[in-house]
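1. 3D model of this:
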Amino acid sequence: MENVILTVHLILALLLVGIVLLQRSEGGGLGMGSSGGGGAMTQRQAANVMTRATWVLAIAFICTSLALTIVAASNSSGGSVLDQIGGQNISSGDDADGDDGSSLLPPTTGNSNTPLVPPRADETPAAPAPAN
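-> All right, here's what the predicted structure looks like:
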């Protein structure tokens, strides 16, 4: 269902871009809309059709955007994205030392209340702790 809505959404986006580019601007827009007569529709009628088509496509685009949001929210697992990326819950406490290499957070050193800041340019980086 999500793929169908997404496909319709992309088609509407392309149609909306195309119809906006076809509209006549103050400068003449893509060289279209010459003032010569003899057409099936007058310029005013063509402008009304283009404006209505733009509104219809824009409303349909917004509706598919809302539908995609609702479908994505209903399919969500309710967990954090970090839980899905790391493959484990960081706050689970399964690891005794907290550094098995799979954590997305940088290693802590000493006091856990110290802020995480990069080393200064004139300092030499500390040697990494030996792996046990």
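
2. End to end on stretch 75-85, go ahead and measure it.
-> Across stretch 75-85, the terminal residues are separated by 17 Å (Cα to Cα, to the nearest Å).

3. counting contacts, what elements does the helix or strand where Leu68 lies pack onto?
-> Leu68 belongs to helix 43-75 when assigned by DSSP states H and E. If you count contacts as 3 or more Cβ pairs under 8 Å, 6 or more residues apart in numbering; DSSP states H and E, helix 43-75 packs onto helix 2-22. C-beta: built from backbone N, CA, C; applies to glycine.

4. Just give me the neighbour total for Thr64.
-> 20 (other Cβ atoms under 10 Å).

5. check contacts around it.
-> Ile5, Val8, His9, Leu12 (Cβ atoms under 8 Å, 6 or more residues apart in numbering).

6. Quick one, grab the pLDDT at it.
-> In this prediction, Thr64 carries a pLDDT score of 97.

7. Roughly how far does the nearest residue to it once chain neighbours are set aside sit from Ala53?
-> Leaving aside its chain neighbours, Thr64 sits nearest to His9 (4.1 Å; criterion: Cβ to Cβ, 6 or more residues apart in numbering). Note on His9: its distance to Ala53, by Cβ to Cβ, to the nearest Å, is 17 Å.
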